[in-house]
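Asks: From the sequence below, what's the structure:
(one chain, ligands or ions: 1)
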Amino acid sequence: MRPNRVTIRRTWTAAGLWLLFPVLALLLACAGCGDDGGEAPEPSRPAATPIDPATTGAIEVTVSYGGRPEPPREINMRSTPGCAAAHTGPVYEQSLLVRDGRLANAVVWIKTGLEDLVFAPPSEPVVVDQRGCLYSPHVAAAMAGQPVEFRNSDPEAHNVHGKPVQAKGWNFLMSRQGTTRQVFVETPEVAIPIGCDIHPWMQAYVAVFRHPFFGVTGADGTVSLAGVPAGRYVVAAWHERLGTTEQAVTLAAKGTASLALAYGGP
Ligand SMILES: [Cu+2]
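Replies: The predicted model follows:
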């Protein structure tokens, strides 16, 4: 079993403690959340099961939405002029992005079929930027033990409040533009809500997996899972408002399997 924990590594030390005071109350309101944990060592990496590339194939997944389309909801940033000033036009939230029936921001992953294999997480971080008082991307995915790097590209202060169910939560302040901070989630979870208590419209999700076969759909609603060993799998999709859907698929060595996952519709 993996340890049920989250570690955080500071990669840029913010100066100017006086900047903390306007948001201190918000941080204190987070009873039971993890603190910054100090300088945590990067978790040790397990030895991966060797996979012969000659036996792998790809699973091409398309995620569609057949329900009623709804107009995008505009985000009101007028309460924070510094955030509003970062945008020249209206800003829309991303909780249900559909184009030509294809669903964006859906996490796709192999749910079952890989239990006998061990995978080592990459050391390259998955980056979640805070820019214009929005998270970019809105939905991210990482392997357990892979660094998830939060950046603050704004002159505004943000706090990064992660609320996993399977692991301990975290809540830290990023008060200065240009700061980065890494979080290591050791326990898989689909998907961990991330929020900023200073700007309540800021919402993101980070899905965490014990293997590398996952992706997040873009505007075209597709994810390609490459380098997958031949086998029988259940492939699942998760969406923040539509929940989870799944389907079985069989992948032959060097083969390509296509899978259509659908939400809603008549
Ligand atoms: Cu914020």
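Asks: What are the buried residues along stretch 211-220?
Replies: For stretch 211-220, the buried set under the neighbour-count rule, 16 or more other Cβ atoms under 10 Å, comprises 211-217. Every C-beta, even on glycine, is put in place using the N, C-alpha and C of the backbone.
Asks: so which of those residues would you say is closest to the ion?
Replies: When these are ranked by distance to the ion (Cβ to the ion), Val216 comes first, at 21.7 Å.
Asks: who's in contact with Gly221?
Replies: Residues near Gly221 by Cβ atoms under 8 Å, 6 or more residues apart in numbering: 62-64, 99, 101-104, 106.
Asks: repeat that with 6 Å
Replies: Neighbouring residues of Gly221 by Cβ atoms under 6 Å, 6 or more residues apart in numbering: 62-63, 102-103.
Asks: among the buried residues of stretch 211-220, which are in strands?
Replies: Cross-referencing the buried residues of stretch 211-220 against strands under DSSP state E gives 214-216.
Asks: which residue sits closest to Arg73 in space, ignoring its chain neighbours?
Replies: In this structure, Arg73 finds its nearest non-sequential neighbour in Glu93, 5.0 Å apart by Cβ to Cβ, 6 or more residues apart in numbering.
Asks: isn't Asn171 right up against His161?
Replies: Yes: using Cβ atoms under 6 Å, Asn171 is in contact with His161, at 4.6 Å.
Asks: which residues are in contact with both of the two?
Replies: Contacts common to Asn171 and His161, judged by Cβ under 6 Å, 6+ apart, are absent.
Asks: Tabulate the ones in strands among the buried residues of stretch 211-220 (CSV), appending pLDDT.
Replies: Shown next, in CSV, are those (pLDDT from 0 to 100):
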residue, pLDDT
Phe214, 98
Gly215, 98
Val216, 98
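Asks: how about a markdown table for those residues, with distance to the ion added?
Replies: Shown next, in a markdown table, are those (distance: Cβ to the ion, whole Å):
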| residue | distance to the ion |
| --- | --- |
| Phe214 | 27 |
| Gly215 | 27 |
| Val216 | 22 |
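Asks: Out of those, which comes closest to Thr180?
Replies: Thr180 lies nearest to Val216 out of these, by Cβ to Cβ, at 20.8 Å.
Asks: Show me what the closest one is bridged to.
Replies: In this entry, Val216 is beta-bridged to Val107, by DSSP bridges.
Asks: Contacts for stretch 137-153 next, please.
Replies: 43, 94, 105, 107, 121-122, 125-131, 158, 160, 174, 179-184, 186, 188, 204-210, 212, 214, 216.
Asks: so how far is that stretch off the chain centroid?
Replies: Distance, stretch centre to chain centre, for stretch 137-153: 6 Å (Cα atoms, centre = their mean, to the nearest Å).
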